[in-house]
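K.L.:
whatever this is, show me its structure:
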Amino acid sequence: MRPLPTIHIIGAGIGGLTLARCLKNKGIQAILFEKSPSPARHHYGISLQPRTCEALLKVLGMDESTFCQRVAVDGLNGGRGLVYPERGTRSDPFKGRAPFRAHRGRLEAVLRESLDVRWGHVLGDIEIRGAELALSFKEKDEVRSTFLVDTSGVHSAIRKALLPNAQLNILPYVVFRGTRHIDRATFKKIYEPRFEGGNILEIRKGDALLQISINDRGKTEVGVDISYIYSHPAHQDDQLHQPARELQQAADFSELFFSEAPKLQELEDPIKDTFDVDKMRGDRILHWLMRDILVPSDDLKSFAERGIVLIGDAAHATPILGGGGANSALADAVELAEWIASRGLEDVGGFYEKRYGEWELEVKESEERLVEMHSVSRSSL
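P.N.:
Residues are numbered from 1 along each chain as shown. You can find the predicted model right below:
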């Protein structure tokens with residue numbers, strides 16, 4: 001196999017960083033272009049499946065103990081990133097039976113070590129010039145590429161340019177997500193007893209899902225950072241369901257949410273404390289849209305013939321709730337790096353044939369999971 005050219009990657013999130021790290025491990029040069037001027041904080045937790053944890057340990061060349069300490073949301077406090085309360089080995093993500101709660105910012109920082117990331121590169125246009133791609137970045141020099149991988153996520157500018165008629169599928173759910181810092185004394189008194197050693201607490205009230213997650217818990221006395229979610233299926237004439245809102249309007253619907261939150265005050269702590277409207281007014285609250293998309297296989301293969309490959313949410317997005325975006329993006333990255341290292345760049349369409357069936361299943365199952373998550377029959381109150 002002839003020497004491979006530099007692989008150019010759009011997006012320095014989990015998928016892009018994992019791909020670049022895997023390629024580096026195989027002696028293949030990669031450069032990442034990220035629109036943000038510096039590393040994003042991403043100060044929140046994400047759930048990783050056991051097979052994802054296993055893959056990450058291999059990619060990073062790291063043992064379980066070090067991985068937990070550096071990446072788990074409670075790793076700085078000696079925790080192991082357990083999602084739900086400890087129940088023996090059934091709750092251990094490294095025994096292959098339970099998910100792991102990772103701090104996204106710290107995970108990306110570990111993956112990013114020794115990689116070539118070009119910050120502040122906002123992609124403006126892609127032009128095909130013979131066997132090359134000309135990448136135009138705003139206020140940056142043009143870059144010539146023969147192989148480009150788009151890992152930039154659900155709002156991929158490349159997908160929009162190549163498939164202007166491909167629209168995200170907006171699912172009929174109302175979801176609000178807030179973040180807050182809890183002082184240590186309040187956490188230990190109200191929150192810690194209910195978490196029972198886990199990092200996520202969730203209950204259902206009717207068709208509503210209420211979830212509290214630990215984002216960061218360290219050894220210091222400064223407190224604990226949490227996020228919380230309130231979601232339910234969109235009701236008829238539901239003002240909280242805003243499927244047509246613009247991306248930049250995610251923070252514009254808090255007042256509507258506050259009008260619905262008081263009914264949660266009848267619940268016990270820590271739900272009552274979390275959804276206290278006076279406290280929520282000081283939080284950063286976002287209105288999340290549940291959306292998915294699956295780019296047709298023939299289109300993906302056609303782009304690959306031109307040296308453009310889409311993976312992760314750019315190709316097959318699943319809803320934030322019920323989906324497995326980070327897990328799937330990481331699996332895509334590992335598989336694509338292996339494909340490139342073993343077969344080169346000539347038949348990347350075969351990579352899609354290998355992965356596409358799983359993507360179809362992920363999108364289908366994520367929608368079914370959303371329904372199940374909000375099922376009245378599963379209500380705990």
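K.L.:
where in the stretch 51-200 of the chain is pLDDT low?
P.N.:
For the stretch 51-200 of the chain, the stretches flagged by pLDDT under 70 are 86-97.
K.L.:
need the helices for it, in chain order.
P.N.:
Remark: helices assigned in the stretch 51-200 of the chain by DSSP state H, counting those that start in this stretch are 64-71, 104-112, 157-162, 184-186, 192-195.
K.L.:
give me the angle between the longest one and helix 64-71.
P.N.:
Angle, helix 104-112 to helix 64-71, by axes from the mean of the first three to the mean of the last three C-alpha atoms, to 10 degrees: 120 degrees.
K.L.:
export helix 104-112 as CSV, just CAs?
P.N.:
Provided in CSV are the C-alpha atoms of helix 104-112 (Å, rounded to 0.1, in the frame of the first residue of the first chain):
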residue,chain,number,x,y,z
ARG,A,104,-16.6,15.3,28.6
GLY,A,105,-14.2,18.2,28.9
ARG,A,106,-11.6,16.0,30.7
LEU,A,107,-12.1,13.1,28.3
GLU,A,108,-11.4,15.4,25.3
ALA,A,109,-8.4,16.9,27.0
VAL,A,110,-6.9,13.4,27.4
LEU,A,111,-7.7,12.5,23.8
ARG,A,112,-6.2,15.8,22.6
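K.L.:
tell me which of the helices of the stretch 51-200 of the chain sits nearest to Pro233.
P.N.:
Ranking the helices of the stretch 51-200 of the chain by proximity to Pro233 (C-beta to C-beta) places helix 192-195 first, at 25.6 Å. Using the backbone N, CA and C atoms, a C-beta is placed for each residue, glycine as well.
K.L.:
how far out from the middle of the chain is that closest one?
P.N.:
Distance, stretch centre to chain centre, for helix 192-195: 26 Å (C-alpha atoms, centre = their mean, to the nearest Å).
K.L.:
centroid-nearest residue for this structure?
P.N.:
Ala326 (4.4 Å; C-alpha atoms, centre = their mean).
K.L.:
what helix or strand is that residue on?
P.N.:
Using DSSP states H and E, Ala326 falls within helix 325-343.
K.L.:
in the stretch 101-250 of the chain, what residue spans correspond to strands?
P.N.:
In the stretch 101-250 of the chain, the strands defined using DSSP state E, counting those that start in this stretch lie at 117-118, 123-129, 132-137, 143-145, 148-150, 169-170, 173-182, 200-205, 208-217, 224-233.
K.L.:
contacts made by stretch 129-144 with the rest, please.
P.N.:
Stretch 129-144 is contacted from outside by 8, 33, 120-128, 145-146, 148, 306-308, using C-beta atoms under 8 Å, 6 or more residues apart in numbering.
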